[in-house]
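# Output the structure for:
(chains A, B, C and D)
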Number of protein chains: 2
Amino acid sequence: MTETGLPASIEAAWGVQRPARGPKRALSLARIVTAAVVVADAEGLDGLSMSRVAAELGTSAMSLYRYVSAKDELLTLMSDAVFGDAAEVTPGADWRTALTELAWGCIRGYRAHPWTVRIPISGPPVTPNQLRWLEAGLAALAPTPLTAAEKMSTLLMLSGLARNDATLAHDIGATGDMMPNYAKALRHLLPQAEFPHLFAMLDTDVMTQDDHPDVEFAWSLDRFLDGLAALITAKSQ
Amino acid sequence: MTETGLPASIEAAWGVQRPARGPKRALSLARIVTAAVVVADAEGLDGLSMSRVAAELGTSAMSLYRYVSAKDELLTLMSDAVFGDAAEVTPGADWRTALTELAWGCIRGYRAHPWTVRIPISGPPVTPNQLRWLEAGLAALAPTPLTAAEKMSTLLMLSGLARNDATLAHDIGATGDMMPNYAKALRHLLPQAEFPHLFAMLDTDVMTQDDHPDVEFAWSLDRFLDGLAALITAKSQ
DNA sequence: GCACTTCTGTTTACGTTATACGCAGCTGTA
DNA sequence: TACAGCTGCGTATAACGTAAACAGAAGTGC
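As a prediction, the model looks like this:
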């Protein structure tokens, strides 16, 4: 904790240096975070232990605590690192295409590093890439007649939409191979009288045959943006 | 694992009995789950250990493994227990009010037991209350011209919306007391030149003064339902 | 009524985890 | 040059989930 009330590692991520006394530092926060991302990519979030990350860097687990005061902080920084290029928007785009690009930027990060969704959100956004994404979203919404609160709600919902899609793709899709079994299990277990619509759904190939996940997210995103567009045009009159 | 390929505890939740040999069972799955919910309510998900749940019931930790083969299964059942009354819809309601009620049913569960959002989704829905909720949603959407895939996408998005709202309310709202500090911290840390819109947002009271969370969710929900209504009327011609 | 089987709760133990503590040495400043 | 403070590192600790083995209880078949 420092003057800002934020953990020192977060400040370090923003480039705040600490007084340089003592021996040269053997590691850096950036190296630790990238090593942790490598481990998580290879072995998942369950395989990510401080020892494992330290082994990747050739040091001991406790050395990392010189840079990060708890594992949660490392997770927060890992989560931020994943969204390095999620905030890039083609300049001059209207709000709808800009928001679409921002949403797909999130999806890109989630698809590349699916473990990200398992990291608990530990508070309001404070890391550089997260705030860059927020800034880009606010810039895109600046010309619209939405109130400040509505802009924030819009962006919170947008990122939540992406996170939700990634969660489903990761956790349900992981067991996607047993989807045929899934339908069979439901048919055995459910009392058909109480679940008529669900039984009808099992007969279609919707449950077993998964669409390309991008199609599903694009659909959800378009529903939301349609609703938002309706509000914007209504307020523009 | 049994014939359905599902864990025995899940089948037990559906009322499948096992052959009754050996001593009388001292506990029941339902008692274990409710005890675990009590513990999680009191001490959060981090404070929920098998020993802690067992202590709540006056037995030892290993006893629980006669009913649940892993902690994850217990978590799944806890998550299901929270949504006991989320699937209740006033009969005869049109699709929009029915979906609204279903969404608020989720929110009710999340608000009462915020730790639910931290439980990872371990697969497609298989527990009774989750499937009841799904069935109610499919029933509400039955009169609409949406395709089967679109109905599923709609309900997946609806539950994701609620989950997202709960996640934000829980993780960000937990640190809500330090929200004034948050704005101050950002002002200190961010380079203003790169974050003009965010700085402007900090001057409003949107970041610090949090609305009643229900307002925010209602807004998000209405945006989505507006977009869905547009699609439905377009398809109805 | 009795052996056998099956299921019960419990005990013990193991492997991992995050991380608190303490030490020895390096380095920038006075 | 002295020293204060920070460095990396090894060790130690407490808690966790759960595998394996065990003694006893309750049904089943003869």
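
# correct me, but A:Pro7 touches A:Asp72?
No: here A:Pro7 does not reach A:Asp72: they are 9.0 Å apart, not a contact under CB atoms under 8 Å. C-beta coordinates here come from the backbone N, C-alpha and C atoms, glycine included.

# more neighbours, those two?
Neighbours around A:Pro7 and A:Asp72, counted as other CB atoms under 10 Å in any protein chain shown, are more numerous at A:Pro7. The numbers are 20 against 13.

# per-residue pLDDT, the more buried one?
Each residue has a pLDDT score; the one for A:Pro7 is 80.

# What segments of chain A are helices?
Along chain A, the segments classed as helices by DSSP state H run A:8-13, A:29-43, A:50-57, A:71-82, A:95-112, A:128-141, A:148-171, A:179-189, A:196-203, A:213-236.

# What helices and strands are in contact with the fourth one?
What that stands for is helix A:71-82. Taking 3 or more CB pairs under 8 Å, 6 or more residues apart in numbering or on different chains; DSSP states H and E as contact, the helices and strands that helix A:71-82 lies on are helix A:8-13, helix A:29-43, helix A:50-57, helix A:95-112, helix A:128-141.

# redo that, cut-off 7 Å
Judged by 3 or more CB pairs under 7 Å, 6 or more residues apart in numbering or on different chains; DSSP states H and E, helix A:71-82 is in contact with helix A:8-13, helix A:29-43, helix A:128-141.

# I'd like to know which of these lies nearest to A:Asp171.
With CB to CB, the closest approach to A:Asp171 among the helices and strands packed on helix A:71-82 belongs to helix A:29-43: 15.8 Å.

# Can I get the closest one as CSV, trimmed to CA atoms?
As requested, C-alpha coordinates have been extracted for helix A:29-43 and formatted as CSV (Å, rounded to 0.1, in the frame of the first residue of the first chain):
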residue,chain,number,x,y,z
LEU,A,29,7.5,-7.5,-12.7
ALA,A,30,7.0,-7.8,-16.4
ARG,A,31,9.2,-10.9,-16.6
ILE,A,32,7.2,-12.5,-13.8
VAL,A,33,3.9,-11.8,-15.3
THR,A,34,4.9,-13.1,-18.7
ALA,A,35,6.3,-16.2,-17.1
ALA,A,36,3.1,-16.7,-15.2
VAL,A,37,1.1,-16.3,-18.4
VAL,A,38,3.2,-19.0,-20.1
VAL,A,39,2.6,-21.3,-17.2
ALA,A,40,-1.1,-20.7,-17.2
ASP,A,41,-1.3,-21.2,-20.9
ALA,A,42,0.5,-24.5,-20.6
GLU,A,43,-1.0,-26.0,-17.5
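
# Which residues does stretch A:40-52 contact?
A:Ala36, A:Val39, A:Ala61, A:Leu64, A:Lys71, A:Met78, A:His113, A:Trp115, A:Arg118 (CB atoms under 7 Å, 6 or more residues apart in numbering or on different chains).

# make that stretch A:127-141, sorry
So stretch A:127-141 is in contact with A:10, A:13-14, A:76-77, A:80, A:83-84, A:86-87, A:89, A:95, A:98-99, A:102, A:125, A:151, A:154-155, A:158, B:190, B:195, B:197-198, B:201, going by CB under 7 Å, 6+ apart.

# now those: which count as buried?
With neighbours counted by 16 or more other CB atoms under 10 Å in any protein chain shown, the contacts of stretch A:127-141 contain buried members at A:10, A:13-14, A:76-77, A:80, A:83, A:86-87, A:89, A:95, A:98-99, A:102, A:125, A:151, A:154-155, A:158, B:190, B:195, B:197-198, B:201.

# Out of those, which are close to DNA strand C?
The subset of the buried ones among the contacts of stretch A:127-141 lying close to DNA strand C, counting by CB under 7 Å from any atom of the strand, is empty.

# Low-confidence ranges, chain A, go.
Using pLDDT under 70 as the threshold, the predicted model of chain A has low-confidence ranges A:1-4, A:17-25, A:173-178, A:208-211.
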